[in-house]
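Visitor: fold the following.
(one chain, ligands or ions: 1)
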Amino acid sequence: MLGQRQFNPNSERPDKMAIQRTFSIIKPDATKRNLTGAIVAKFEEAGLRIVASKRIQLTLAQAQQFYGVHKDRPFFGELCEFMVSEPIVVQVLEGEDAIAKNREVMGATNPADAAPGTIRKEFALSIGENSVHGSDAPETAAEEIAFFFSGLELVG
Ligand code: CMP
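Guide: Residues are numbered from 1 along each chain as shown. Model prediction:
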């Protein structure tokens with residue numbers, strides 16, 4: 001394909017460090033408080049490049065599908081209602097060990113447990129309203145990126 005990179009960024013590249021892509025959501029509590037830029041700055045300061053980004057408002061059906069893995073958890077209804085309550089910003093972040101690096105920058109799921117300087121420590125309101133989501137593994141990163149973006153929207 002013209003102009004398209006042919007490598008899979010989440011596969012092994014013996015010639016270079018492991019360049020990965022991961023999926024990120026800036027959640028409703030953060031977009032509502034005008035924190036999008038402050039959160040993006042944290043990603044960029046950590047060396048993550050934003051190779052795709054869009055601001056959208058999820059439907060309830062989309063939120064339920066995206067978080068389907070949690071459908072039997074007691075917080076599922078609350079989580080989905082929250083995710084449709086305001087716009088979100090979905091992004092693809094690229095860099096060396098991007099999945100682990102993004103999780104480090106985000107901090108623990110519960111802001112009470114998050115390390116100083118992390119996004120969740122600085123900005124999150126609670127375990128539910130925790131400002132950001134990030135993929136936890138290469139397989140989920142690929143699935144989550146494909147849920148929101150076509151290949152043409154990823155510009156590295
Ligand atoms: P996230 O990384 O988006 O993945 C699933 C989300 O469920 C998680 O972040 C939290 O925001 C949310 N979550 C996890 N545990 C709880 C909980 N006990 N109560 C409410 N929300 C939760």
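Visitor: element containing Arg120?
Guide: helix 119-123 (DSSP states H and E).
Visitor: does anything pack onto the following helix or strand past that helix? Which helices or strands?
Guide: Using DSSP H and E, the helix or strand that follows helix 119-123 towards the C-terminus is strand 132-134. Other helices and strands packing on strand 132-134, by 3 or more Cβ pairs under 8 Å, 6 or more residues apart in numbering; DSSP states H and E, are strand 19-26, helix 98-106. For every residue, glycine as well, the C-beta is placed using N, CA and C.
Visitor: strand 132-134 pairs with which strands, parallel or anti?
Guide: Sheet pairing here is set by DSSP bridges, and for strand 132-134 it gives strand 19-26 (antiparallel).
Visitor: just the CA coordinates of the partner strand, formatted as CSV?
Guide: Taking C-alpha atoms only, strand 19-26 is exported to CSV below (Å, rounded to 0.1, in the frame of the first residue of the first chain):
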residue,chain,number,x,y,z
ILE,A,19,8.7,-0.1,19.5
GLN,A,20,5.1,-0.6,20.6
ARG,A,21,1.7,1.0,20.2
THR,A,22,-0.8,1.2,23.0
PHE,A,23,-4.3,2.6,23.3
SER,A,24,-5.3,5.4,25.7
ILE,A,25,-8.6,7.0,26.7
ILE,A,26,-8.7,10.4,28.4
